[in-house]
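Q: 3D, please:
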Amino acid sequence: MQAADYPPFAADELDRLFASFSDLERILIAVSGGSDSMALLDLLVRWRAALTAGPALVAATVDHRLRAASRQESLAVARFCTTLGVPHRILAWQGDKPDHGLPAAAREARYDLLQREGTRIGAARVVTAHTLDDQAETVLMRLARGSGLRGLAAMRACVEIQGLRIARPLLAVRRERLRAHLSRHGIAWQDDPTNKDENYLRPRLRRLMPLLAAEGLTAERLAEIARKLGRADEAIKHYAGALERLHDSAGRLERIAYRAAPQEVRLRYLAARISLTGGEPLPPPERQLTALDEQLCDEMAVKVRRTLGFSIISAGRRYLRITVEKKSERR
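A: Sure thing, here's the model as predicted:
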């Protein structure tokens, strides 16, 4: 579709996109200066202006200080926010930058800075401008990296990361439609040159998208796959929680009940239980969980004792139990 072919955003559509924000006191909008976030900001301002009551809008730009132009780009966002009457703050990523894994480090720093700012101003949500195109690219990236079901479900519309509640209301909206909105209203945006730097995986996959679309693997189809896998992931999470509820008062689970569950449910149960017990934010690698699961399902293995993620997994003939590893026993 050409930009002119995309319909404008009507008031009722904005109400649907931003309905979950209506009862909030304040939201923090992450605005980089790119087309997606500039459109998100403008759409939220238009939506809020039509309400008699609603959340206060505050914007923030994370300056990663990776390019000489980043400061000026952040100031351009600040000026645009001034014209809209939206308070704005620039959040700078201080300190040395890593030589390897820069995109992941920048992402972690960005969420950390937004979390601190959101807490400072009392924002109930941080709103980001991830689009359907971002979702499709994320599915491909995780597929290339061999992610499991949870990873292939890609980005969720609302999620908590590093203690930060993040909302992504534009996950079903194409980037070109947002650019059409900006062009229609004479709003400029800034293209980050790193988005075309093929030293990184995402830009390389972005270049392949037209070829995939020609074979039927469109951005819409990839996003639909993510939605379906997300539903499956929620079902597995539910049944893993059901295993949790079968624990007795001593925190034990019968091995026969454990073995009766499908393997994906068992692995999810182990990952969640070990992470929670050991206090680690991430579960052990899947290969370690799979090896443990095989032992626990082996009826010949009458006794099992393993240590993973600062947790002790012990099992006898009848029961399985996961307890925290004492600090004195940790290596």
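Q: give the contact list for R165.
A: Listed by C-beta atoms under 8 Å, 6 or more residues apart in numbering, the contact set of R165 reads 124-126, 158-159. Heads up, the C-betas are built off the backbone N, CA and C, glycines and all.
Q: top of those by neighbour count?
A: V126 (22 neighbours; other C-beta atoms under 10 Å).
Q: element containing that residue?
A: Using DSSP states H and E, V126 sits in strand 125-127.
Q: name the next helix or strand downstream of that strand, please.
A: Downstream of strand 125-127 (by DSSP H and E), the next one is helix 132-144.
Q: got the contact list for R142?
A: With C-beta under 8 Å, 6+ apart, R142 has these contacts: 151-152, 154.
Q: closest to T52 out of these?
A: Closest to T52 out of these is A154 (36.3 Å), distances taken as C-beta to C-beta.
Q: return the distance of the closest residue to H247 other than its chain neighbours relative to A260.
A: Residue nearest to H247 in three dimensions, not counting chain neighbours: L253, with 5.4 Å by C-beta to C-beta, 6 or more residues apart in numbering. Between L253 and A260 the distance is 11 Å, computed by C-beta to C-beta, to the nearest Å.
Q: now do G151
A: G151 is 26 Å from A260, by C-beta to C-beta.
Q: run the chain-centre distance for stretch 171-179.
A: How far stretch 171-179 lies from its chain's middle: 18 Å, per C-alpha atoms, centre = their mean, to the nearest Å.
Q: report the buried residues of it.
A: By neighbour count with 16 or more other C-beta atoms under 10 Å, stretch 171-179 contains the buried residues 171, 173-179.
Q: nearest to G241 among those residues?
A: Distances from G241 to the buried residues of stretch 171-179, taken by C-beta to C-beta, are shortest for L171, at 25.1 Å.
Q: quick one: secondary structure of the closest one?
A: coil (DSSP: H, G, I helix; E, B strand; the rest coil).
Q: looking at the buried residues of stretch 171-179, which is nearest S314?
A: L171 (42.4 Å).
Q: give me phi/psi at the closest one?
A: phi -60, psi -20 (degrees, to the nearest 10).
Q: for A56, see how far away R89 is.
A: Distance from R89 to A56, by C-beta to C-beta: 14 Å.
Q: between the contacts of R142, which is closest to P281?
A: G151 (15.8 Å).
Q: now intersect the contacts of R142 with the helices, please.
A: 151-152 (DSSP state H).
Q: out of the contacts of R142, grab the one that's most surrounded.
A: Neighbour max across the contacts of R142 (other C-beta under 10 Å) = A154, 26 neighbours.
Q: measure the closest residue in space to it that isn't next to it in sequence to A144 for me?
A: The shortest distance from A154 to any non-neighbouring residue, by C-beta to C-beta, 6+ apart, is to A226 (4.0 Å). Using C-beta to C-beta, A226 is found at 15 Å from A144.
Q: so who does L114 touch?
A: Counting by C-beta under 8 Å, 6+ apart, L114 has contacts 28, 30, 60, 62, 91, 126, 164.
Q: and of the buried residues of stretch 171-179, the nearest to L270?
A: Nearest member of the buried residues of stretch 171-179 to L270, counting by C-beta to C-beta, is L171, at 30.0 Å.
Q: pLDDT score for the closest one?
A: In this prediction, L171 carries a pLDDT score of 96.
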